[in-house]
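Undergrad: only geometry, no sequence info:
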Ligand SMILES: [Zn+2]
Ligand SMILES: [Zn+2]
């Protein structure tokens, strides 16, 4: 669960923060998809990993300090094969209370008191993903003449066509 009610988050002026150790799965994928392309949404539905860290608050200011290790299937832009990317990312941030019910930023929460880390966490992972995913650095891609995956077999057509 990536939603926390403000009343369940310990005030770190008087007590220790909440220790987080969660498995990362469909939770991230089920957050609102406004920031995602359709393809990325499908990839996110198959994400796997772990979220660890701490959540605490100082009054109504919620501080979040999380690390994410993840495995996500991506499609190589050169050879179109699917591969699994393993990554790690971490960030700390503050979520602020906003009185009107329509939070404008990812790091605000409304009067209902629910702090939703899902969209923020997904942004964090998204920005950690390569813009041009490659199955490996020197992927040779598909032959433009016959479509052969050059990583698997030589087709004999010139490479620099
Ligand atoms: Zn490739
Ligand atoms: Zn060829």
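TA: It's in. Note that the coordinates shown come from a computational prediction; the quantities given were computed from them, not determined experimentally. Ligands and ions are numbered 1, 2, ... in the order given.
Undergrad: For the chain, what lies in contact range of ligand 1?
TA: Residues of the chain lying near ligand 1 by CB under 5 Å from the ion: 76, 78-79, 135, 139. Every C-beta, even on glycine, is put in place using the N, C-alpha and C of the backbone.
Undergrad: Which one of those residues is nearest to residue 109?
TA: residue 76 (38.2 Å; CB to CB).
Undergrad: any idea how far the spatially closest residue to that closest one that is not a sequence neighbour is from residue 112?
TA: Among residues not flanking residue 76 along the chain, residue 135 sits closest, at 3.9 Å (CB to CB, 6 or more residues apart in numbering). Per CB to CB, to the nearest Å, residue 135 is found 44 Å from residue 112.
Undergrad: for residue 66, which residues make a bridge with it?
TA: residue 53, residue 91 (DSSP bridges).
Undergrad: Comparing residue 135 and residue 112, which residue is more hemmed in?
TA: Neighbour count, other CB atoms under 10 Å: between residue 135 and residue 112, residue 135 has more, with 20 against 9.
Undergrad: For the more buried one, give me the pLDDT.
TA: We have a pLDDT of 96 for residue 135.
Undergrad: So residue 63: helix, strand or coil?
TA: strand (DSSP: H, G, I helix; E, B strand; the rest coil).
Undergrad: burial count for it?
TA: 16.
Undergrad: Is it correct that residue 130 falls within a strand?
TA: No: Residue 130: not assigned to a strand; according to three-state DSSP it is coil.
Undergrad: Residue 61 - how many residues pack around it?
TA: 11.
Undergrad: and the most centrally placed residue in the chain, what helix or strand is that in?
TA: The centroid of the chain falls nearest to residue 125 when counting by CA atoms, centre = their mean (2.6 Å). Per DSSP states H and E: residue 125 is located in helix 118-126.
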